[in-house]
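>>> sharing a model that was predicted from the sequence below.
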Amino acid sequence: MSDWIQYPLLVVVGIIAGVLNVIAGGGSFLTLPILIFMGLPATVANGTNRVGILLQNMGAVWGFHRHRVLDWRCILWAALPATLGSILGTWAALEVGDLTFKKILSFLMIGVSLWTLWDPLSRRDKGTGDSQTVHIGGLAFGFFLVGVYGGFVQAGVGFLVLAATSMAGLDLVRGNAVKVLSILAFTVVSLALFASQGKVEWITGLVLAAGTFTGGLIGVRLTVLKGHGWIKQFVTAAIIILALKLLLTG
């Protein structure tokens, strides 16, 4: 496929993935297969995808901060443990071969889709905005595990973070703000580790990032303007679409 076709396609897919990632999650289920289809080895696609994720979440963090819905205290109980976990997850991703990674990715896509269909967000529909409603130690360990998963494969990590923030008592607006800050923090480390092993195609990643950055800003605006109820409907729709996609392509 010619670069003149690939690059506009990457931007469009990046915009869609950026909106989906900020509002709910699962955007990397679109971008990773596209990168692999373009001819990148699976591990390189996994690393290159982080460039788009990094720029997307930089824009999203700025957007949520500007709208005054980001509580920076979440760095201690969410972003920091997630970053530590991502080191372990990234190391594991770099150790597996391309064929093994593809197989693991397929199983994870199915597993995450089935788990999200359980709809854990419904258990805490009306968040209080107070992260003290659950044990902070347990919550930090949960984010450590989220970081391990996110370091290994970015796809679907947003759903896991939203489940954790919902259990912490946050509504989906503030939960999304915590999500993008946490993912931004561990993506910096994860991308650096992939790059140090030569597993990042920078030009392709920056083209993708042009789309995800734009989509991330759109996602923030939709999140803040539409509120908790609309986001939950969007999350549910995203889960259904993701499940159908897996059934049709699996």
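Happy to help now that I have it.

>>> so how many other residues sit close to the nearest residue to V96 once chain neighbours are set aside?
Nearest non-adjacent residue to V96, counting by CB to CB, 6 or more residues apart in numbering: I104, 6.9 Å away. For every residue, glycine as well, the C-beta is placed using N, CA and C. Neighbour count for I104, taken as other CB atoms under 10 Å: 16.

>>> cool, and A93?
24.

>>> and what of A168?
Counted with other CB under 10 Å, the neighbours of A168 add up to 28.

>>> and what of G47?
28.

>>> over to T214?
Residues near T214, counting by other CB under 10 Å: 18.

>>> roughly how far does the closest residue to it other than its chain neighbours sit from S182?
Once flanking residues are discounted, T214 sits nearest to I15: 5.3 Å by CB to CB, 6+ apart. According to CB to CB, to the nearest Å, I15 and S182 sit 22 Å apart.

>>> what about those two, which has more around it?
Between I15 and S182, S182 has the larger neighbour count (other CB under 10 Å), namely 31 against 22.

>>> okay, and the closest residue to Q197 other than its chain neighbours sits in which element?
With sequence-adjacent residues excluded and distances taken as CB to CB, 6+ apart, Q197 is closest to L94, at 5.5 Å. Per DSSP states H and E: L94 is located in helix 80-95.

>>> tell me the buried residues in that helix?
Using 16 or more other CB atoms under 10 Å as the test for burial, helix 80-95 gives L80, P81, A82, T83, L84, G85, S86, I87, G89, T90, A93, L94.

>>> hmm, back to that, confidence score at the residue nearest to V96?
Per-residue pLDDT puts I104 at 79.

>>> for it, helix, strand, or coil?
Following DSSP: H, G, I helix; E, B strand; the rest coil, I104 is assigned to helix.

>>> how much space separates W62 from V180?
Look at W62 and V180: by CB to CB, they are 10 Å apart.

>>> what's the neighbour count on the closest residue to E201 other than its chain neighbours?
In space, E201 comes closest to T48 once its chain neighbours are excluded; the distance is 4.7 Å by CB to CB, 6+ apart. Using other CB under 10 Å, T48 has 29 other residues around it.

>>> and T48, what helix or strand is that in?
helix 42-66.

>>> can you check what angle separates that helix from helix 80-95?
On the basis of axes from the mean of the first three to the mean of the last three CA atoms, to 10 degrees, helix 42-66 is oriented at 160 degrees to helix 80-95.

>>> buried residues in helix 42-66?
By neighbour count, with 16+ other CB under 10 Å as the criterion, the buried positions of helix 42-66 are 42-61, 63-64.

>>> which other helices and strands does it contact?
Applying 3 or more CB pairs under 8 Å, 6 or more residues apart in numbering; DSSP states H and E, one finds that helix 42-66 contacts helix 3-23, helix 28-37, helix 80-95, helix 98-117, helix 172-196, helix 202-249.

>>> who's in contact with G25?
If you count contacts by CB atoms under 8 Å, 6 or more residues apart in numbering, G25 has them with G156, V157, G158, F159, L160, V161, L162, K179, A238.

>>> from those residues, which has minimum pLDDT?
When the contacts of G25 are sorted by pLDDT, the bottom entry is A238 at 63.

>>> quick one: closest of the helices and strands packed on helix 42-66 to F152.
Across the helices and strands packed on helix 42-66, F152 has its closest neighbour in helix 80-95 (3.9 Å, CB to CB).
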